[in-house]
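Trainee: just a sequence and a predicted model for now, questions to come.
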Amino acid sequence: MGECEYNKRHIVWEEFMPLPLVECVPNFSEARRPEVVEVIQKALTDVPGIQILDRHSDIDHNRTVITFVGSPDAVEEAAFQAIAKAAELIDLNKHSGEHPRIGATDVVPFVPISGVTIEECVEIARRLGSRVGETLQIPVYLYEKAATRTECQNLEYIRRGQYEGLKVDISTNPERKPDFGPARLGPAGATVIGARPFLIAFNVYLTSQDVAVAKQIAKAIRYSSGGLRYVKALGLLVDGRAQVSMNLTDFHKTPVAQVVEMIRSEAQRYGVAVHHSELVGMIPQAALVEAAVWYLQLDQFEPHQILERRLEELSKEGQTRPAWPDFLQALADGTPTPGGGSASAYAAASAAALVCMVARLTIGKKTCAGVEDRMKQVLQKAESLRASLTGAVEQDADAFDAVMAAFKMPKGTSLEKTTRAEAIEGATLNAAEVPLQVADQAVEVLELAVEVVAHGNLNAISDGATAAALAQAALRGASYNVRINAASLRGESTARDLVEKINALEASAAHLDQKIISNLKDRGGLSLG
């Protein structure tokens, strides 16, 4: 996983990477209209806390695969927004391509990366499926680990007949009834949603234009027709070459090198060879290391022999505690951004993280069994707030930069003066609205802190109280930023509305603070001498 560019105020993604972390790899039936793909991707990135890892478009397949990660809530919401946008922009009646498909958003798998189980990804898939079916009126089929029917675990089974065949069968064949949504197809088709372990999407091109050869090789290597256990494969014609298109579902048990060598061997039977291969999306480092070890016959290889890995180990061994995030160094630099607004968002995100910690320390404890379900809800909400507040750290800095840019606009002619004044007013309003949102979410975090102090693991009660203190500090800092920017606005009613909102939030926070103190006293966590 890479880093965002860092200069002055850019934040290293890994330092703020929300946990738990879920990967989603939606496949959209569009690649020939890049402007459409851009709009769909924007629907993803407009959701706070989402990070795009990769985008792969294939003209012949007429298909785009986008890989993104984020907290469970953020990923679920982003997937819904992208499905909705694709349904607006893609008409399957006008779509053609080499790759099988049944929907504008053809398949949406959720993959657990860290701090998340496959069972939790199944819950995400089913919630999203229900929402898509009910809200968007798109038929949804559940697959892989989320499947409700054994046969639907296999994506190929659901896709048989493609869009055109399903359009006829869905309303007449009971076996093709969707899990959610109507039993009829519109221009957006149907969507397959599920949960699965990490897989490698991998294509091998041959030195031939004969697609029949690729199809024979695919048949030989795929598990469903007697080939390698963790390989799914199709033979296609792409960019004028025969292509073996694959999903490798467990690279540890069926290594990439073994797959390539079997394709090479099969190709020789037809007098062709491997021309080149390509990845679609991401691949774990371990898969490449295993391939190198296999080809080089490094029988005595140990992972620490990789220079970079050994240096990383040494670095970790020398640390008594995790290094402070680079954001704090940027805050200390002599640059205008990041500033107090970003620091307030950071404090609120830290508060949300502490709430998550207390909730996790409560879930699974026998003495806390009575509140486990509620703590799970608290955890889910806190993770969503943490992701959003993390994004606000950068958003606040962007808002201030926009104000400074507006002040630098020309002010010579009357038209320029008017344009400049309008730009300053708009940028200043945004610079007030961002910390107002931070303040609102800080109060939400404070509400959750009240709960974990009252009902969470008693051994972590001080952490819950610290979360409350950080949330209060975040609110106070955000409040200053709202009030100062509101005072600079020309629109008095707008300024007054902002101040009234922040006053209401501060009143709510004062009430919640009293609850925190009361809960601490009730649980013996606060001694007033």
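Mentor: Now that the structure is in, tell me what you want to look at. This structure is a prediction, so every number in the text was calculated from the model and none was measured.
Trainee: ok, residue 251 touching residue 200?
Mentor: Yes: with contact defined as CB atoms under 8 Å, residue 251 reaches residue 200; the gap is 5.6 Å. Quick note: C-beta positions are derived from backbone N, CA and C, even for glycine.
Trainee: what's the overlap in contacts for those two?
Mentor: Counting by CB atoms under 8 Å, 6 or more residues apart in numbering, the contacts common to residue 251 and residue 200 are 284, 287.
Trainee: quick one: the closest residue to residue 371 other than its chain neighbours and residue 389, what's the gap?
Mentor: Using CB to CB, 6 or more residues apart in numbering and skipping the chain neighbours, the partner closest in space to residue 371 is residue 455 (4.5 Å). The spacing between residue 455 and residue 389, counted by CB to CB, to the nearest Å, is 23 Å.
Trainee: those two: who's more crowded?
Mentor: The neighbour comparison of residue 455 against residue 389 (other CB atoms under 10 Å) goes to residue 389, with 30 against 20.
Trainee: tally of neighbours for the closest residue to the more buried one other than its chain neighbours?
Mentor: Nearest non-adjacent residue to residue 389, counting by CB to CB, 6+ apart: residue 349, 3.9 Å away. When neighbours are defined as other CB under 10 Å, residue 349 has 26 of them.
Trainee: show me what contacts residue 349?
Mentor: For residue 349, the contact set (CB under 8 Å, 6+ apart) comprises 16, 385-386, 389-390, 392-393.
Trainee: residue 148 and residue 142 touch, don't they?
Mentor: Yes: applying CB under 8 Å as the test, residue 148 and residue 142 come out as touching, 5.6 Å apart.
Trainee: comparing residue 251 and residue 200, which residue is more hemmed in?
Mentor: A direct count of neighbours by other CB under 10 Å for residue 251 and residue 200 places residue 251 higher, at 23 against 20.
Trainee: got the contact list for that one?
Mentor: Listed by CB under 8 Å, 6+ apart, the contact set of residue 251 reads 200, 230, 284, 286-287, 290.
Trainee: helix, strand, or coil at it?
Mentor: Look at residue 251: counting by DSSP: H, G, I helix; E, B strand; the rest coil, its state is coil.
Trainee: how far off centre is stretch 193-201?
Mentor: Put simply, stretch 193-201 sits 14 Å off its chain's centre (CA atoms, centre = their mean, to the nearest Å).
Trainee: surely residue 267 touches residue 214?
Mentor: No: with contacts counted by CB under 8 Å, residue 267 stays clear of residue 214, the gap being 9.2 Å.
Trainee: what does stretch 500-511 contact?
Mentor: For stretch 500-511, the surrounding residues in contact (CB under 8 Å, 6+ apart) are 436, 439-440, 442-443, 446, 471-472, 475, 478-479, 482-483.
Trainee: sort out which residues of stretch 76-89 are buried, please.
Mentor: Across stretch 76-89, burial judged by 16 or more other CB atoms under 10 Å covers 76-87, 89.
Trainee: possible to save these as TSV with distance to residue 68, secondary structure and pLDDT?
Mentor: Formatted as TSV, these follow (distance: CB to CB, whole Å; DSSP: H, G, I helix; E, B strand; the rest coil; pLDDT from 0 to 100):
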residue	distance to residue 68	secondary structure	pLDDT
76	12	helix	96
77	12	helix	96
78	7	helix	96
79	9	helix	97
80	13	helix	97
81	12	helix	97
82	9	helix	98
83	13	helix	98
84	16	helix	97
85	14	helix	98
86	14	helix	98
87	18	helix	98
89	18	helix	97
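Trainee: redo the residues you listed as TSV? Include distance to residue 204.
Mentor: Shown next, in TSV, are the buried residues of stretch 76-89 (distance: CB to CB, whole Å):
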residue	distance to residue 204
76	34
77	36
78	31
79	30
80	34
81	34
82	29
83	31
84	35
85	33
86	29
87	33
89	32
